[in-house]
Structures are given as structure tokens and as C-alpha cells.
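>>> Next one to model:
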Amino acid sequence: MRRMRNVKIVATLGPASDDYDTIRRLFELGADVFRLNMSHGSHDEIREWHGIIRNIEQEIGRPIAILADLQGPKLRVGVFAGDSEVLVDGDKFRMDLDEAEGTSSRVRLPHPEIFQALKPGATLLINDGKIRLRVEQCGEDYADCVVVTGGTISNRKGVNVPDVVLPVAALSAKDKRDLEFVCELGVDWVALSFVQRPEDVIYTKELVAGRAAVLSKIEKPSAVEAYDEILEVSDGIMVARGDLGVELPVQAVPPIQKRLIRGARKAAKPVIVATQMLESMIESPIPTRAEVSDVANAIYEGADAVMLSAESAAGQFPFEAVSTMDAVAVEVENGQVYRDIIESARHVDRKTTADSIVASAREIAENTGVKAICCFTHSGTTALKTARERPRVPILALTPFTGTARRMCLSWGVNCFMTNGDVSRFKMAVVSAARAARAGQFANSEDNIVVVAGVPFNIPGSTNILRVAPCDERLIFNTDPE
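Numbering: from 1, shown residues only. Next comes the predicted model:
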């Protein structure tokens, strides 16, 4: 079941996609990665969805990645005596730790850590930024504010604090329980919410202890500022545009998105563009033209994956949403403009042997009519470096490790195969690559492939050999003296 595109599609599961037939159909239509949103769904439901995906994976004989998205700490106001109040521009409004019900002049904010970090002039955003307050005076248990943008404020609405780095851990108590649960369950990726600093990622990776790859969600201004340091310690990145668009001016988000994608590609780490990509398809079988352009732009920018959230989890048209995203990707990638943009953004410092090997593989493949680049990889690094090159031919990642194969399903252009049999000798590795290329219909017996590997085998990060080989095993044995 070969995809006719390189960018990957992440589909979120939920009430609209919680059974075997629906999940399998979503995969057949184009979903490469399934997202389990830990903000919704019980552990029993998550376990059931995980089992369904693994059953489908076994039936079709193709790796499927599972991404568990942690909720992160939720900052919310308390409750009001009348359930809601209307705040008027210019009025005074206090937030404090008083447990009394809120009024038109104050409400409880049960997060002392926020008061500890606030300074006069800081901004507080309520209900996804619909209400904006400016702090005039503050202390350890209160913040006196002026209403900059008024509106209706109601019980337990969310609070964003864009101006300061909060002394709040990225992992709440719930997140820690969820993290251990999904790691024991066997997910491939964990998405970390509320990342503010690289230490948040480092701590999470210590808890994960290698059981999954950790993807950092960039959704706060502090994360944008510390992006290079966060990227260095992360296995992947999600451009979480929802909160970014709340905490930053909306016009700042597109250039930030481009910068984050380019940084992740340069580091050879997968990056997902997420949030409201086909939002109207929650209720409509047809997207808006603006949404189609949004998806197309993320693909033009070189994103590894684009994500569906409520569209596939709770929408009325999950199949149509995946089909639309697939069709847009195929159309974009078949155009010369796409190749021009992708190749103009290729800039890699080839400081290592592996970097030079994969760059040479791309150049050989594109200049000699080779049909595919086949990478033998243990950790996935060789395939990731090859994907960074964005070659014009398919990338085949061959690995003996199921976890590596599944994680690679998130990376641009990578088609994952499990290696069987003896590949301890390079000749047999070439034979295995030729068989995979033919079985996946990437090449036939008359074609050539490029094989990239590290010799001796079983040593991660040792990529040091490249060979152009025929897909005909008889020719391999006749021309290779090994």
C-alpha cells in the first residue's frame, strides 16, 4: 500500500473514529500516524484504540506509528456566583487566591505560581485570548488588572500568560500517570505540552527512559525564544499553532512556523504542523479554499507531517478529511514549484561521513535514474539524515527493530520495512534491500537502487558505505565477490 506522497498525515482518534472499521479505513485513505489525545479518553479507551491499531498493523504487515499527546498543566480561573460576568474595557479586575465565588470585580485564580512570576505590565489572556487583562500591581496572592479587551468571562475558563516563563512543570501529576501508562502500553511517540525550556524535555526523556521518542510542542513564546536549545534535546517538534496564535500576535505565527520547520529539517528531526488545518470539515464534507492553502503551505515549507485534530476525532466527515489532506499533498508534491522550493531550502553542513554519504546517495539517485534510496538503520539516524536531503526518489528504511520502524513512519518520505534473515554481510543487505524495493513496488528487477549502510553492522551511527546495486538478485550474486 504505497503512498503517492512524501509528507505524512497524523489523524487524531476520538468518538468519531473509535472502532476497528473506522480506524482501518482512515489508514487505507492515508493516515500514517494515529494520535491519542490524553486530554480526552480514559485509559481503557486509549488501551483499546492502541490494540486496534496494532491489530491492523499486523494484518497489513506495515508499521504504523502511535503518538500519545499529553495534556499538560491547565491554568483556569475559578467559578462565579452567577456562573459568568461581563468585563468592560477599562474596568478594574482582580485575580487572587480567595476561594469565594467570583464577581464582576474579582475571581479566584488557583495558581500561586502565576502570581510569583507576574510583573506589572504583564498580560493575562482568558478564554483563548478573547479577554485581555493588563497587570497593574501584583503580589504573592493577587494581581490587580485593567481590562484591555472585555467580554463574557465564565466558570473555569483557561488562562494564558504569554509574557513570562512560569515556574510550572510541563508535566502535571496527571501527565506523569499518563506518561507511564502510554510508555508501558508501547506507543512510539510522546508529545510534550507546555514546553517552556529545554529542561522540561530533558526531565521527560529521563522518565521515558528510551521507551518512546519525545516530541516537543512549541506553543508558548518562551519555547519559541529557546527553540534551538529545545530542538537539540528533542526527538521531534510539533508546531502547535493554536496556543501560539493566542499568546502571540496572529500575524507572527506564519513566519515562526517557517523558522521552526527549517530548524527541524536542518537538525534532521521530524516536524508536525498542527491545529485547525481543515477545521471546517468538522461539520462540512468540503474544506474552505483558505484551509487547502494552509495545508499546501505547510507542505511547501517542508513539514514532515500535517495533523488532523477534531476533524478526524469528533467531526462528521473523518474519511473526507483524510482524503482531502492526501489529495492536497499529492497535488502539491507533483508540481515543479514544490521541488524548486524544497531544493532551494536545502542547506546542510556536511561535517560527518554520514552526512556526506546520504548527500551523495541523493545526488546519484537523481542523476542516474536510480529508483530508490535504501537505508539500513538501527536507531533511525541514517533514514532521518536521508529524509533531510528531501530526495526526488523514495526512501526505504530497513531495520531489524520494530520500534525504529514505527517511529520512522512520522518522517518525510520514509517507507519502513522490517529486515528478515541474515544481513550481517553487506551482500545480503543489498539482497534484502532489492527484495524490499520490489515488494513495495518501488522498483522492478530491471532497475537500480542506492544502498546506504554502516559496516560493520549493528553499530548505530556508523554509516560509511554506499553502493549502486541492481534489483535483480542474480546480478548481485554474480557481481559481488563477498
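
>>> How about the contacts made by the closest residue to Tyr300 other than its chain neighbours?
Of all residues not flanking Tyr300 in the chain, Ile341 sits nearest, at 5.2 Å (Cβ to Cβ, 6 or more residues apart in numbering). For glycine as for every other residue, the C-beta is placed from the backbone atoms N, C-alpha and C. Residues near Ile341 by Cβ atoms under 8 Å, 6 or more residues apart in numbering: 300-302.

>>> In helices, which of the residues you listed appear?
Among these, DSSP state H puts Tyr300 in helices.

>>> Pull out the buried members of the contacts of Ile341.
By neighbour count, with 16 or more other Cβ atoms under 10 Å, the contacts of Ile341 hold 300-302 as buried.

>>> Now render those as TSV, adding pLDDT.
Formatted as TSV, the buried ones among the contacts of Ile341 follow (pLDDT from 0 to 100):
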residue	pLDDT
Tyr300	98
Glu301	97
Gly302	96
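
>>> Distance to Tyr203 added to those residues, as a markdown table?
As requested, the buried ones among the contacts of Ile341 are exported to a markdown table (distance: Cβ to Cβ, whole Å):
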| residue | distance to Tyr203 |
| --- | --- |
| Tyr300 | 35 |
| Glu301 | 30 |
| Gly302 | 30 |
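
>>> sorry, back to before: mind checking what secondary structure the residue nearest to Tyr300 has?
With DSSP: H, G, I helix; E, B strand; the rest coil as the basis, Ile341 sits in helix.

>>> Give me the pLDDT for it.
Model confidence at Ile341, given as pLDDT, is 96.

>>> I'd like the C-alpha coordinates of stretch 311-331 written as CSV, please.
Output in CSV follows, covering the C-alpha atoms of stretch 311-331 (Å, rounded to 0.1, in the frame of the first residue of the first chain):
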residue,chain,number,x,y,z
GLU,A,311,-11.6,16.8,12.1
SER,A,312,-10.9,13.0,12.5
ALA,A,313,-11.6,12.7,16.2
ALA,A,314,-15.0,14.2,16.6
GLY,A,315,-16.0,15.6,13.2
GLN,A,316,-18.8,14.4,11.0
PHE,A,317,-16.5,13.6,8.0
PRO,A,318,-13.3,12.0,9.2
PHE,A,319,-12.8,10.0,5.9
GLU,A,320,-13.3,13.0,3.8
ALA,A,321,-10.8,15.0,5.9
VAL,A,322,-8.1,12.4,5.5
SER,A,323,-8.8,12.0,1.8
THR,A,324,-8.7,15.8,1.3
MET,A,325,-5.3,16.1,3.1
ASP,A,326,-4.0,13.2,1.0
ALA,A,327,-5.2,14.7,-2.3
VAL,A,328,-3.7,18.2,-1.5
ALA,A,329,-0.4,16.6,-0.6
VAL,A,330,-0.2,14.6,-3.8
GLU,A,331,-1.2,17.6,-5.9
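
>>> element containing Leu396?
Under the criterion of DSSP states H and E, Leu396 resides in strand 395-399.

>>> Walk me through which strands that strand pairs with, and which way each runs.
Strand 395-399 pairs in its sheet with strand 373-376 (parallel), strand 414-418 (parallel), by DSSP bridges.

>>> After the shortest one, which helix or strand is next?
To tie it back to what came earlier, the one meant is strand 373-376. Using DSSP H and E, the helix or strand that follows strand 373-376 towards the C-terminus is helix 381-388.

>>> what comes up buried for that next one?
For helix 381-388, a neighbour-count test (16+ other Cβ under 10 Å) marks 381-388 as buried.

>>> any idea which of these is the one closest to Ala443?
Lowest distance from Ala443 to those (Cβ to Cβ) belongs to Thr386, with 16.4 Å.

>>> how about that closest one, what does it touch?
Thr386 touches 358, 361-362, 373, 375, 395, 414, 452, counting by Cβ under 8 Å, 6+ apart.

>>> Would you map the helices across the stretch 251-400 of the chain?
253-266, 289-300, 310-313, 318-333, 336-344, 353-368, 381-388 (DSSP state H, counting those that start in this stretch).

>>> who's in contact with the fourth one?
Where contact means Cβ under 8 Å, 6+ apart, the residues beyond helix 318-333 that reach it are 3-7, 9, 11, 16-17, 22, 25-26, 29-31, 277-278, 281, 285-287, 292, 295-296, 299-300, 306, 308, 311-312, 315, 338.

>>> Looking at those, which are in strands?
Judged by DSSP state E, strands contain the following of those: 9, 11, 306, 308.

>>> Spatially, which two of the residues you listed are the most separated?
Ala11 and Val306, at 10.3 Å, using Cβ to Cβ across the ones in strands among the contacts of helix 318-333.

>>> who has more neighbours, these two?
Ala11 (27 against 22; other Cβ atoms under 10 Å).

>>> right, and the more buried one touches Arg25 too?
No. Taking contacts as Cβ atoms under 8 Å, Ala11 lies outside contact range of Arg25: 10.7 Å.

>>> which residues of this structure score low on pLDDT?
Residues of the chain meeting the criterion pLDDT under 70: 1, 421-424, 457-461, 477-482.

>>> Which single helix of it contains the most residues?
Under DSSP H, the chain gives helix 43-60 as its longest helix.

>>> beta partners for the residue most central in space within the chain?
In the chain, the centroid-proximal residue (Cα atoms, centre = their mean) is Ile272; its distance is 3.6 Å. Beta-bridge pairing of Ile272 under DSSP bridges involves Met238, Ala305.

>>> any idea how far Thr377 is from it?
As judged by Cβ to Cβ, to the nearest Å, Ile272 and Thr377 stand 21 Å apart.

>>> Gly369 now?
As judged by Cβ to Cβ, Gly369 and Thr377 stand 24 Å apart.

>>> Looking at those two, which has the bigger crowd around it?
Taking neighbours as other Cβ under 10 Å, Gly369 and Thr377 compare with Thr377 leading, 28 against 10.

>>> residues touching the more buried one, list them.
Taking Cβ under 8 Å, 6+ apart, we find Thr377 in contact with 383, 397-399, 404, 408.

>>> Quick check: of the residues you listed, which has the highest neighbour count?
Neighbour counts for the contacts of Thr377 (other Cβ under 10 Å) peak at Ala383, which has 31 neighbours.

>>> give the contact list for that one.
375, 377, 395, 397, 408, 411, 414.

>>> Arg197 now?
Contacts for Arg197 were tallied using Cβ under 8 Å, 6+ apart; they are 165, 222-223, 226, 229-230.

>>> For PyMOL, write a command that selects the buried ones of these.
Buried residues within the contacts of Arg197, by 16+ other Cβ under 10 Å, are selected in PyMOL with:
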select buried, resi 222+223+226+230
